[in-house]
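> Here is my input; please provide its structure:
(one chain, ligands or ions: 1)
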Amino acid sequence: MADDPHQLFDIWLSEAKASEPNDPEAMTLATADADGRPSARMVLLKGHDAGGFVFYTNSQSRKGDELAANPHAALLFHWKSLRRQIRAEGAIAPVSEAEADAYFASRARDSQLGAWASDQSRPLASRALFEARFEATRADHEGRDVPRPPHWWGYRLVPERIEFWSDRQHRLHERRLFTRGPDGNWSEGLLYP
Ligand SMILES: Cc1cc2nc3c(=O)[nH]c(=O)nc-3n(C[C@H](O)[C@H](O)[C@H](O)COP(=O)(O)O)c2cc1C
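Predicted coordinates for the structure are as follows:
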């Protein structure tokens with residue numbers, strides 16, 4: 001068993017990739033506004049290493065506004081096929097421009113156009129309006145690369161706490177909690193289920 005939570009995360013994610021029917025990288029992202037009121041939604045994990053967990057979004061979205069007001073968040077993975085969950089909590093930092101550019105450049109062209117066409121989280125009068133905006137964006141970019149919109153970037157959750165939960169018989173589940181100390185080293189303990 002790995003005693004580095006990032007290594008253990010990678011092992012569990014690779015097992016999830018082998019057994020989940022779709023989107024093993026899907027995770028719930030919980031944020032809170034300046035008054036501490038929470039909200040949650042799914043995003044996709046697009047990078048993971050000892051530095052943290054990376055996802056991409058529109059920084060002018062509801063989550064973007066909340067992260068600007070309160071740069072702390074929680075992530076939750078739940079893999080039903082494995083009966084496992086992982087929780088991670090910590091501070092949020094933007095990825096570098098170079099990292100965001102590189103990831104944006106790797107996306108499908110229609111996804112890149114969609115990032116320009118969507119005012120994520122703002123009211124939309126009709127689906128037809130969005131489709132028209134998308135087609136106008138496509139026409140605007142005809143014959144040239146689609147640059148990364150300045151409001152579209154990545155965030156890295158730098159975990160202070162990562163918990164691995166696995167199902168056991170009779171609800172005697174296992175909970176392994178890793179906490180990062182001020183020296184940056186991880187310590188491990190168990191929690192009652
Ligand atoms: C499986 C799944 C993956 C998603 N991945 C992302 C993502 O990586 N980035 C993103 O901005 N929205 C993603 N979404 C859409 C978000 O859940 C959400 O609708 C959107 O980001 C707006 O959230 P907000 O209004 O709270 O900011 C995903 C939705 C699902 C169901």
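> Can you name the residues of the chain that neighbour the ligand?
Contact residues (C-beta under 6 Å from any ligand atom) of the chain with the ligand: 23, 26, 39, 41-44, 55-58, 61-63, 120-121. (Each C-beta comes from the backbone N, C-alpha and C, glycine too.)
> 5 Å - rerun?
23, 26, 41, 42, 43, 44, 57, 61, 62, 63, 121 (C-beta under 5 Å from any ligand atom).
> Scan these and report the most crowded one.
Using other C-beta atoms under 10 Å as the neighbour criterion, residue 63 leads the residues of the chain next to the ligand with 24 neighbours.
> show me where the protein has helices.
Secondary structure of the chain, counting by DSSP state H: helices at 5-19, 62-69, 97-106, 109-117, 127-140.
> Make CSV out of these and add mean pLDDT.
Shown next, in CSV, are the helices of the chain (pLDDT from 0 to 100):
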stretch, mean pLDDT
helix 5-19, 98
helix 62-69, 98
helix 97-106, 97
helix 109-117, 97
helix 127-140, 97
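> By pLDDT, give me the weakest of the residues of the chain next to the ligand.
pLDDT across the residues of the chain next to the ligand is lowest for residue 121, at 95.
> From residue 57, how far off is it?
Taking C-beta to C-beta, to the nearest Å as the measure, residue 121 falls 10 Å from residue 57.
> Give me the neighbour count for residue 75.
Residue neighbour count, defined by other C-beta under 10 Å, stands at 21 for residue 75.
> again but with residue 52, I slipped
20.
> could you measure it against residue 8, distance?
On the measure of C-beta to C-beta, residue 52 and residue 8 end up 15 Å apart.
> Distance to residue 173 for the helices of the chain - can I get that in JSON lines?
As requested, those are arranged in JSON lines below (distance: least, C-beta to C-beta, whole Å):
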{"stretch": "helix 5-19", "distance to residue 173": "15"}
{"stretch": "helix 62-69", "distance to residue 173": "30"}
{"stretch": "helix 97-106", "distance to residue 173": "35"}
{"stretch": "helix 109-117", "distance to residue 173": "38"}
{"stretch": "helix 127-140", "distance to residue 173": "43"}
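> For residue 82, which of these is the nearest?
Among the helices of the chain, helix 5-19 comes nearest to residue 82, with 5.9 Å by C-beta to C-beta.
> which other helices and strands contact that closest one?
Helix 5-19 is packed against strand 47-49, strand 72-79, strand 84-94, strand 152-166, with contacts defined by 3 or more C-beta pairs under 8 Å, 6 or more residues apart in numbering; DSSP states H and E.
> Redo those as CSV? Include mean pLDDT and distance to residue 114.
Converted to CSV, the helices and strands packed on helix 5-19 look like this (pLDDT from 0 to 100; distance: least, C-beta to C-beta, whole Å):
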stretch, mean pLDDT, distance to residue 114
strand 47-49, 97, 20
strand 72-79, 98, 24
strand 84-94, 98, 21
strand 152-166, 98, 10
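> Apart from its chain neighbours, what residue comes closest to the residue nearest to the spatial centre of the chain?
With distances taken as C-alpha atoms, centre = their mean, residue 55 lies nearest the centre of the chain, 3.9 Å away. Residue nearest to residue 55 in three dimensions, not counting chain neighbours: residue 43, with 4.3 Å by C-beta to C-beta, 6 or more residues apart in numbering.
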